[in-house]
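A.B. asks: below are the sequence and a predicted model; questions follow.
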Amino acid sequence: MPPRIPRTVELPPRRALHAGTTQVLVIGGGPAGIGAALGASNAGAEVVLVERYGFLGGNATAALVMPLMSFHNEMKQAVAGDTGRLLPPDHGEGEPVVGGVLWMLLDHLVRAGAAIRPSLETGYTVPFDPELFKLVVYELLEIHEVRTLLHAFASDVLTLPDRARAVFETKSGPLVMDADVIVDCTGDGDIAAAAGAKYEIGRPEDGWTQPMTLMFRMVRFDHEEFTAYTRANPDQWRGVHGLWDLVRAATDAGELDLPREDVLFFATPNAGEVAVNSTRITEVLGTSVWDLTRAEFTAHRQMAQIARFLRDRVPGFADSYVVQSGVQVGVRETRRIAGEYQLTGEDVLTARKFDDAVARGAYPVDIHNPSGRGTTLKRLPRGESYDIPMRCLLPVDLDRILVAGRCISGDHVAHSSYRVMPISMATGQAAGVCAALAAARGARPRDIPVEAVQQELRAQGASLP
């Protein structure tokens, strides 16, 4: 629990190692950071990527958020398919609305045997192996000459007359790194907030954010036995979620105590393995160390309950066990940095287009109830996508910092769509390109003509209108 009476103390001045200077400094090595680093490097900039963990991938690897969700529009109505494939059956045929760096990553993952290409058969999701994902990202960054620093937590940012200076806490002591432009890909908007950016958190009526989820992988799963159960009980399984009667029975017996009414899990590229997305921790804030601590305890207890429930009650899981859980609980929503434009839920659901579009999305509005059970899912019009304007990546009143990923400027409803990893990678690539052009021209990112950003993004294979 936080202290009952908040009290601050003065810390003594300290010295930090000056670790160097770069044109573009990307902070955060998740999907947005990978997109930003590769986008900036391919635009000709000198790039350094700094990550707090000892590996890259962000939510894909640290939180085991898998598979990559669909980044395709829906041109045709979905047709009910095999109930046992454990991949979403409700996405009809469509076209990708994210390209560029995302496809570069997917090509490398597939060649490494680490992922399955998106298709109608996968529900246009991308099942992947999180350990191989880390290795593939290392190789991509080396190929594109991105310098990387791991085990460095960004704690502050200082504004200098002609550049920005980020402060990092490391095992070697504090260090600083200077850059012409910083791209904040922390997910929580830590750097922009430290620089004084305005932001919103949660839904407008009460400030509550979407719940957190600790994902985990289970192995020795008998897919054939589970499929036989779902075919014999078709009302108990819908593609990747269900088991309502079994959940109710376990809850009534005191074996389960979850703020959700069903169980959700996905197939992975590995036989006999599933990725379980069923823990739910509500009324916690991902920028509070106290809440994060409570969330970890709660999530691991829920994971133990779910694993025991699957083994004891669900056909196909009798010999299964948890082989890996996320390094940390998965956080869906925290700060949304105030930008020069705020993308709205209406923009998403009406598939609004913008002249300064630098990324696109087609993922539904997907709001896990911040207060408990239930999920709101609203799809875009058939065959449509929405644009994300450059202005959403430009924090108000900040000159040398861009944001990318789930912390870009949007409301609670729009955020529930653009927060997913493929779209985060697209906004990352756009921010990286803009940062590179600004560094090359000695200009502020907001002064770079959007046509120049769009031209470079198209040259890099990005999908724009």
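C.D. replies: Received, thanks.
A.B. asks: got the buried residues for the helix or strand where R294 lies?
C.D. replies: Per DSSP states H and E: R294 is located in helix 289-313. Neighbour-count burial for helix 289-313, counted by 16 or more other Cβ atoms under 10 Å, picks out 291-292, 294-296, 298-299, 302-303, 305-307, 309-311, 313. (Each C-beta comes from the backbone N, C-alpha and C, glycine too.)
A.B. asks: and what of stretch 252-263?
C.D. replies: Buried, per 16+ other Cβ under 10 Å, within stretch 252-263: L256, L258, P259, R260, E261, D262, V263.
A.B. asks: can you find the helix or strand of this protein with the lowest average pLDDT?
C.D. replies: strand 375-378 (a mean of 91; mean pLDDT, DSSP states H and E).
A.B. asks: with just CA atoms, put whichever helix or strand comes after that one into PDB.
C.D. replies: Next helix or strand after strand 375-378 toward the C-terminus (DSSP H and E): strand 386-389. Taking Å, rounded to 0.1, in the frame of the first residue of the first chain, the C-alpha atoms of strand 386-389 are listed here in PDB:
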ATOM      1  CA  TYR A 386      -9.300   4.200 -40.100                       C
ATOM      2  CA  ASP A 387      -6.400   6.600 -40.300                       C
ATOM      3  CA  ILE A 388      -4.100   7.700 -37.500                       C
ATOM      4  CA  PRO A 389      -2.900  11.300 -38.200                       C
END
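A.B. asks: strand 386-389: what's the following helix or strand?
C.D. replies: strand 401-403.
A.B. asks: for A195, which non-adjacent residue is closest in space?
C.D. replies: Sequence neighbours aside, V157 is the residue nearest to A195 in space, at 5.0 Å (criterion: Cβ to Cβ, 6 or more residues apart in numbering).
A.B. asks: next helix or strand past the helix or strand hosting the one you found?
C.D. replies: In this structure, V157 sits in strand 153-159 according to DSSP H and E. The helix or strand immediately downstream of strand 153-159 is strand 164-169, counting by DSSP H and E.
A.B. asks: what's the average pLDDT for that following strand?
C.D. replies: In this model, strand 164-169 has an average pLDDT of 98.
A.B. asks: C-alpha coordinates for the next helix-or-strand element following that strand, CSV please?
C.D. replies: Counting by DSSP H and E, the next helix or strand C-terminal to strand 164-169 is strand 175-184. Output of strand 175-184 as CSV, limited to C-alpha atoms (Å, rounded to 0.1, in the frame of the first residue of the first chain):
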residue,chain,number,x,y,z
LEU,A,175,24.0,7.4,-17.3
VAL,A,176,22.7,9.9,-19.8
MET,A,177,22.3,9.9,-23.5
ASP,A,178,21.7,12.9,-25.8
ALA,A,179,19.7,12.9,-28.9
ASP,A,180,18.3,15.3,-31.5
VAL,A,181,14.9,13.6,-31.1
ILE,A,182,13.6,11.1,-28.7
VAL,A,183,10.8,8.7,-29.5
ASP,A,184,8.9,7.6,-26.4
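A.B. asks: strand 164-169 and strand 175-184, what's the angle between them?
C.D. replies: For strand 175-184 against strand 164-169, the angle by axes from the mean of the first three to the mean of the last three Cα atoms, to 10 degrees is 120 degrees.
A.B. asks: need the contact partners of stretch 374-381.
C.D. replies: 73-74, 261, 348-351, 362, 364-369, 386, 416 (Cβ atoms under 8 Å, 6 or more residues apart in numbering).
A.B. asks: ok, of those, which come out buried?
C.D. replies: 73-74, 261, 348-349, 351, 362, 364-369, 386, 416.
A.B. asks: looking at those, which are in strands?
C.D. replies: Here DSSP state E is the test, and those give V365, D366, I367, H368, Y386 as lying in strands.
A.B. asks: just give me the least confident of those.
C.D. replies: Lowest pLDDT among those: H368, 92.
A.B. asks: that one against Q210, yeah?
C.D. replies: Yes. The pair H368 / Q210 is scored as a contact, 4.8 Å apart, by Cβ atoms under 8 Å.
A.B. asks: what touches both of the two?
C.D. replies: With Cβ under 8 Å, 6+ apart as the test, H368 and Q210 both reach R332.
A.B. asks: among the buried residues of stretch 252-263, which pair sits farthest apart?
C.D. replies: P259 and V263 (13.0 Å; Cβ to Cβ).
A.B. asks: contacting residues for the closest residue to A452 other than its chain neighbours?
C.D. replies: Nearest non-adjacent residue to A452, counting by Cβ to Cβ, 6+ apart: L437, 5.8 Å away. Neighbouring residues of L437 by Cβ under 8 Å, 6+ apart: A43, A443, I448, A452, V453, E456.
A.B. asks: ok, 7 Å please
C.D. replies: A43, I448, A452, V453, E456 (Cβ atoms under 7 Å, 6 or more residues apart in numbering).
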